[in-house]
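>>> Okay, here's the prediction I keep looking at, along with the sequence it came from:
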Amino acid sequence: MRSIVVTIAMAVAMSGCGHESIPPTTSPSVATVVSVSVTGSVPVVGATAPFTAIATFSDGATQNVTSQAAWTSSNASVATVNSAGVVTAVGAGEADITATYQTVAGRSHVAIARPALLNYAITGTVTDGTSGGILPNITVQATDSAGNVKSAVTLSTGAYSIVGLVAGPLTITASAISYQTTRLAITLTGDARVDIVLPRVVCTFTLSTNSYGFPQQGGLGSVSVTSHATVCAWIAQSSDPFITVTSGTGENDTGEVRFSVAPNLGEARTGRLVIAGQAVTVTQQAGTSSCDGNLPVPVLGYTGKDDGTGSTGEVFTYYHLDVLNKSVFPGSLFFTAPDLPPCGLNPNASRTWLEIFANSGRRLYGFCGLQSALQMGTIWFALPKGQQPPDGVYITLTDRRCGRAVASNSVTIR
């Protein structure tokens with residue numbers, strides 16, 4: 001075993017003889033970022049300014065990395081910065097604008113100042129975009145970079161002047177009826193002249209309907225107006241006395257017209273509304289105003305009683321009645337009759353009044369505002385609870401237009 005060990009050792013020793021050693025290889029050096037510098041002009045409140053990020057490498061080389069860097073602001077209420085390095089001044093104060101490239105950050109400390117004093121003015125004239133003529137009494141409004149809003153009205157010469165504006169971005173707006181609203185954006189660096197041309201608006205309208213039909217008793221109607229442009233004026237008028245415009249007589253742009261149609265006591269009739277220059281035809285069924293013949297005799301029925309509390313807190317017993325043949329009475333008997341004497345403070349009492357009497361002739365109650373014959377199915381009178389009711393009652397109907405009246409049968413009250 002010993003001789004074997006010696007032989008191997010000698011062999012290993014001999015294998016190293018007569019050969020040169022090979023030096024180890026090394027990789028070329030790579031430059032790294034050692035610093036990032038951030039520069040830019042500081043904007044005033046309301047303005048913007050581009051900032052630049054320059055990276056310096058370990059080999060001394062420099063590179064513009066503005067678009068590759070990650071940008072942040074330490075105080076977004078003072079200044080913000082976007083991915084392109086554009087800084088927006090939001091409010092007065094201080095903030096750090098930071099650009100980070102390959103984990104190396106550079107900063108620029110900015111102090112945002114308020115805009116210059118309110119010492120600039122704009123002047124100009126406002127003219128018609130079609131005729132070129134001057135436009136007096138036009139409101140011109142200017143909003144400056146500090147959010148100040150100032151306005152002026154053009155003189156008879158079409159001229160205007162607005163003073164006390166802050167330097168920086170400025171928005172100018174002018175509008176008038178029948179003209180398109182015009183907005184201009186400029187950067188104010190001193191006194192400036194800004195002439196404004198207002199294009200005319202081509203006003204067109206669509207109505208929700210061009211015809212309306214009403215029954216004998218009349219009623220309420222409405223028409224919607226849709227404008228296809230802005231600042232467009234329109235009016236609504238009635239051409240006939242039985243049609244009354246109650247709202248929307250004069251509006252701008254989109255709106256609604258409401259109107260009423262009076263009861264018809266004569267032949268069928270047709271009237272007209274003119275809305276935004278378009279006609280709306282209103283038709284109404286004929287009314288029954290003839291006084292020929294007699295009124296139908298009402299057939300009275302008693303339907304029961306119940307107790308209830310009046311407006312003063314007193315308890316009453318209500319006795320309910322029904323005109324069983326109410327369907328034979330023409331609806332025109334109960335049209336509103338504003339041309340006849342009113343019922344107390346109600347100027348729109350119906351043509352026919354209904355009254356309830358005890359068999360003794362004592363009047364118990366009356367209805368002067370019934371609007372249809374069907375309402376005669378829910379008539380009543382009331383007495384203080386505990387008071388003895390009459391043995392029987394009847395009703396009368398009085399057609400005030402024709403001066404005729406009729407009495408019903410008597411019914412027993414139980």
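In hand now; what should we look at?
>>> ok, residue 150 touching residue 142?
Yes: contact criterion Cβ atoms under 8 Å: residue 150 and residue 142 qualify, at 5.3 Å. Every C-beta, even on glycine, is put in place using the N, C-alpha and C of the backbone.
>>> Identify the contacts common to these two.
162, 165 (Cβ atoms under 8 Å, 6 or more residues apart in numbering).
>>> So these two - more neighbours on which side?
residue 142 (25 against 16; other Cβ atoms under 10 Å).
>>> Is the more buried one in a helix, a strand, or coil?
Secondary structure state of residue 142, per DSSP: H, G, I helix; E, B strand; the rest coil, is strand.
>>> Just list whatever residues bridge to it.
residue 150, residue 172 (DSSP bridges).
>>> Tell me the spacing between it and residue 119.
Residue 142 sits 14 Å away from residue 119, going by Cβ to Cβ, to the nearest Å.
>>> for residue 266, same thing?
75 Å.
>>> Residue ranges in the stretch 151-300 of the chain under the pLDDT threshold?
231, 288-290, 292 (pLDDT under 70).
>>> how about the helices in it?
In the stretch 151-300 of the chain, no helices are found when defined by DSSP state H, counting those that start in this stretch.
>>> For burial, what's the neighbour tally of residue 184?
16.
>>> meant to ask about residue 347, not that
With other Cβ under 10 Å as criterion, residue 347 counts 12.
>>> repeat for residue 352
Residues near residue 352, counting by other Cβ under 10 Å: 26.
>>> Repeat that for residue 218.
Neighbours of residue 218 (other Cβ under 10 Å): 19.
>>> For the nearest residue to it once chain neighbours are set aside, give me its contacts.
Leaving aside its sequence neighbours, residue 218 sits nearest to residue 261 (Cβ to Cβ, 6 or more residues apart in numbering; 4.1 Å). Residue 261 sits next to 214, 218, 219, 220, 221, 242, 243, 271, 282, 284 when contact means Cβ under 8 Å, 6+ apart.
>>> same thing with residue 287?
So residue 287 contacts 216, 263, 264, 265, 266, 332, 335 (Cβ under 8 Å, 6+ apart).
>>> So the chain: which segments form each domain?
33-112, 120-198, 205-284, 300-412 (automatic domain parsing).
>>> Would you format those domains as JSON lines with distance to residue 291 included?
Listed next are those as JSON lines, based on distance: least, Cβ to Cβ, whole Å:
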{"stretch": "domain 33-112", "distance to residue 291": "81"}
{"stretch": "domain 120-198", "distance to residue 291": "53"}
{"stretch": "domain 205-284", "distance to residue 291": "11"}
{"stretch": "domain 300-412", "distance to residue 291": "4"}
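>>> what about the strands in the stretch 1-150 of the chain?
Remark: strands assigned in the stretch 1-150 of the chain by DSSP state E, counting those that start in this stretch are 33-40, 48-57, 62-64, 70-73, 79-81, 86-89, 93-101, 104-112, 120-128, 139-143, 149-153.
>>> Ignore what I typed, I meant the stretch 201-350 of the chain.
205-207, 211-214, 219-227, 233-238, 243-247, 250-252, 255-261, 269-275, 278-284, 300-309, 315-323.
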